[in-house]
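> quick one, fold the following:
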Amino acid sequence: MHWRLCVAGILLLASACDEAPTSAPSTENDNAAAGAPVIHNRIVRNTIDPTGAVSGKGDHVTVTGPIACTAGELAELRATVTQRTTGAVAEGRGRITCTGSDQTWKLRLEKKGGESFQEGEATAVAIAVTFDEGKATDAQQWLVTVSLER
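You can find the predicted model right below:
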């Protein structure tokens, strides 16, 4: 069975299509000729590192992770960390200029509300949106269980 991208409403889904070609397109031109949409990835590598840092009296959390995005584009990042054992929530945002190669992003998040973070397991979610000349080119989000340390 061959896989290709099929349009389902406004969503592009990787799925087995009834009209799938018998061989895989090998280039963008082959992809376009086969009737499949040509996709240009803007964010090609992203996640959150498995370890985060708690600082102060548990009022700040720092998370980092790798990202690779199209050179010259601006990536806006937002992250939220929650800790079920304490009820603590922290949020933060930042920006990086994409180099086209693997980079590391780092966000210092500030707690929201009265609960403080402690060392231990937490959940981190991050969103990256890339922009070229003010126009959004891609958006990705990811969720990771992290271990918070001092």
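
> how is the chain partitioned into domains?
3-33, 43-149 (automatic domain parsing).

> now the ones you listed in TSV, with mean neighbour count?
Using the backbone N, CA and C atoms, a C-beta is placed for each residue, glycine as well. Listed next are those as TSV, based on neighbours: other Cβ atoms under 10 Å:
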stretch	mean neighbour count
domain 3-33	11
domain 43-149	17
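
> let's have those in JSON lines, adding mean pLDDT.
Shown next, in JSON lines, are the domains of the chain (pLDDT from 0 to 100):
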{"stretch": "domain 3-33", "mean pLDDT": "36"}
{"stretch": "domain 43-149", "mean pLDDT": "97"}
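
> where exactly do the strands run in the protein?
In the chain, the segments counted as strands under DSSP state E are 3-8, 11-16, 43-46, 51-55, 60-69, 74-83, 88-97, 103-112, 120-132, 135-149.

> which helices and strands does the shortest one pack with?
Other helices and strands packing on strand 43-46, by 3 or more Cβ pairs under 8 Å, 6 or more residues apart in numbering; DSSP states H and E, are strand 60-69, strand 120-132, strand 135-149.

> parallel or antiparallel, list what pairs with the shortest one.
Sheet neighbours of strand 60-69, with direction, are listed as strand 43-46 (antiparallel), strand 51-55 (antiparallel), strand 103-112 (antiparallel) (DSSP bridges).

> hmm, who's touching the shortest one?
Looking back up the chat, that one is strand 43-46. 65-69, 75, 102, 126, 128, 130, 138, 140, 142 (Cβ atoms under 8 Å, 6 or more residues apart in numbering).

> so which of these comes closest to residue 95?
Proximity of these to residue 95 (Cβ to Cβ) peaks at residue 75, which lies at 6.7 Å.

> that closest one contacts residue 69, correct?
Yes - using Cβ atoms under 8 Å, residue 75 is in contact with residue 69, at 5.3 Å.
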